[in-house]
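Enquirer: Need a 3D model of the sequence below.
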Amino acid sequence: MKKLLFFIVEDDALYTQLHVNFLETIAKELDGYEISFQTFYSLKEAKYELSQMPDFIFLDYLIENDNAQPETAVPLVDFLNEIQSDINLIVISGNAKEKEVQELRTLGVTNYIEKDKDTFTKLKSIILKLI
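Expert: Next comes the predicted model:
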């Protein structure tokens, strides 16, 4: 059985729980895979634990830092690029302005999902393509 580790980096507790529910549901549908996950409420926390080398990171585009100030996903994306990680990064955000999407594309992010009614359908499709 292949193990998949997911990091959920999201500062909204409700949305974090929706991600957890999604992963628990998809785990029942994927034969041959064992899914585990960890949740993080800041980029700093997630970066600290990257030595675990998750298979996937669900990353909110705007997330509060330790000082309750909004911070973009860019610092973590930059760090992943520096270490030349094979981690599948999926940025999920309600902030779908073209400027931000283009910035992420420039940094090599190919999986960007807007938070809407189809978020988890899109997320499932991406995961199934990547595993």
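Enquirer: Tell me which residues touch the residue sitting nearest the centre point of the chain, please.
Expert: Residue closest to the mean C-alpha point of the chain, counted by C-alpha atoms, centre = their mean, is Phe58 at 1.0 Å. The neighbourhood of Phe58, defined by C-beta atoms under 8 Å, 6 or more residues apart in numbering, consists of Phe6, Phe7, Ile8, Val9, Glu10, His19, Ile90, Ile92, Leu123. Where you see a C-beta, it was placed from the backbone N, CA and C, and this is true even at glycine.
Enquirer: Okay, buried residues for the helix ranked longest in the chain please.
Expert: In the chain, with assignment by DSSP state H, the single longest helix is helix 13-29. Within helix 13-29, the residues scored as buried using 16 or more other C-beta atoms under 10 Å are Tyr15, Thr16, Leu18, His19, Phe22, Leu23, Ile26.
Enquirer: tell me the strands in the protein, going along the chain?
Expert: 2-9, 33-40, 56-60, 62-64, 70-72, 88-93, 112-114 (DSSP state E).
Enquirer: Nearest to Glu103, out of those strands?
Expert: Glu103 sits nearest to strand 70-72 of all the strands of the chain, at 8.3 Å, using C-beta to C-beta.
Enquirer: Quick one: mean pLDDT over the closest one.
Expert: Strand 70-72 carries an average pLDDT of 90.
Enquirer: now that strand, how far from the chain's geometric center?
Expert: 15 Å (C-alpha atoms, centre = their mean, to the nearest Å).
Enquirer: ditto for stretch 114-121
Expert: 13 Å.
Enquirer: again, but for stretch 7-21
Expert: For stretch 7-21, the distance to the chain centre is 10 Å (C-alpha atoms, centre = their mean).
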